[in-house]
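Undergrad: Everything below, folded, please.
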Amino acid sequence: MVKSEKKYIYPSLFTETFDDANFHIKYCLSFIKKYLIGNIAEIGAGCGSFTRHFLDEKITSLTLTEKDEKNVEILKSKYSDNKTVTVTRDSIFKINNKFDVVLYLHVLEHIKNDENEIKEAMQKIKNDGFLIIMVPAHQKIYSNLDRNVGHFRRYEKEFFDKNFQSLQKIDFKYLDSAGYILYKLNKLFFKKEQYPSKLKIFIWDKLFTPLSALLDFLLRYKFGKCILAIYKKV
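TA: Now for the predicted structure:
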């Protein structure tokens, strides 16, 4: 009973709250939108927080996968009139199509066996296609918040060095340097917090994300709260 309640609480209290983080979402997408052409699969699309900002005429087809029932309903409602978009509860293992791009945007950390997931995703990418991953960085700042929103882990650079050797690395960046500081402070002073408040999301997104954009550039994308990795299948 407790487990089912957590599955319900997660999308209603976190996914929809994150949906308001438009500055952060657009900032992250600014590094990857040029790759989003052709047939795309977004794995774990949530309620469409990223989707609504990148879906345009360059995309021939878009497959959105999502496990949460409430989010599936939201996605189907949003894109019911868009013939480009297909919403499915199937995992990457059950999808037979091949794609020009496969996206994992703040999703891989929610998957217990992430290495098997990545191996399967590689098989579903066309030659010259792209695998794009964004995940939370630095296991040392893993907190109660990570646990409550279903993160199995945060990531280190070594994971990407080890698991993607068959692909060509196009880009690897740390993003959200100011957010790292906020997250670490939050871990120290709000240890029992289960979910970030809308006020905290607002402050991080509207005030600190613009600061991160500047700091990330000055730091040459070597430090931050998130990792963005882009690979090409050759």
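Undergrad: I'd like the next helix or strand past the lengthiest strand in the chain.
TA: Longest strand of the chain, by residue count under DSSP state E: strand 125-136. Later in the chain than strand 125-136, the nearest helix or strand by DSSP states H and E is helix 144-148.
Undergrad: Go through the longest strand of the chain and flag the buried ones.
TA: Judged by neighbour count (16 or more other CB atoms under 10 Å), strand 125-136 contains these buried residues: Ile125, Gly129, Phe130, Leu131, Ile132, Ile133, Met134, Val135, Pro136. The C-beta positions use only the backbone N, C-alpha and C, and glycine is treated the same way.
Undergrad: and these as CSV, adding distance to Lys33 and pLDDT?
TA: Shown next, in CSV, are the buried residues of strand 125-136 (distance: CB to CB, whole Å; pLDDT from 0 to 100):
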residue, distance to Lys33, pLDDT
Ile125, 18, 97
Gly129, 16, 98
Phe130, 12, 98
Leu131, 16, 98
Ile132, 10, 98
Ile133, 16, 98
Met134, 13, 98
Val135, 19, 98
Pro136, 21, 97
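Undergrad: Kindly reformat those as JSON lines containing distance to Ser61.
TA: Formatted as JSON lines, those follow (distance: CB to CB, whole Å):
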{"residue": "Ile125", "distance to Ser61": "15"}
{"residue": "Gly129", "distance to Ser61": "13"}
{"residue": "Phe130", "distance to Ser61": "15"}
{"residue": "Leu131", "distance to Ser61": "17"}
{"residue": "Ile132", "distance to Ser61": "17"}
{"residue": "Ile133", "distance to Ser61": "21"}
{"residue": "Met134", "distance to Ser61": "22"}
{"residue": "Val135", "distance to Ser61": "25"}
{"residue": "Pro136", "distance to Ser61": "29"}
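Undergrad: where does this protein dip in pLDDT?
TA: 1-17, 191-195 (pLDDT under 70).
Undergrad: Could I get the full set of strands for it?
TA: Using DSSP E, strands in the chain cover 38-43, 59-65, 85-88, 99-105, 125-136, 168-175, 226-232.
Undergrad: tell me the most buried of these?
TA: Across the strands of the chain, averaging neighbours per residue (mean count of other CB atoms under 10 Å) puts strand 99-105 on top, at a mean of 24.
Undergrad: For the residue nearest to Arg52 when sequence neighbours are not counted, grab the count of nearby residues.
TA: Among residues not flanking Arg52 along the chain, Lys78 sits closest, at 7.4 Å (CB to CB, 6 or more residues apart in numbering). The number of residues packed near Lys78 is 17, by other CB atoms under 10 Å.
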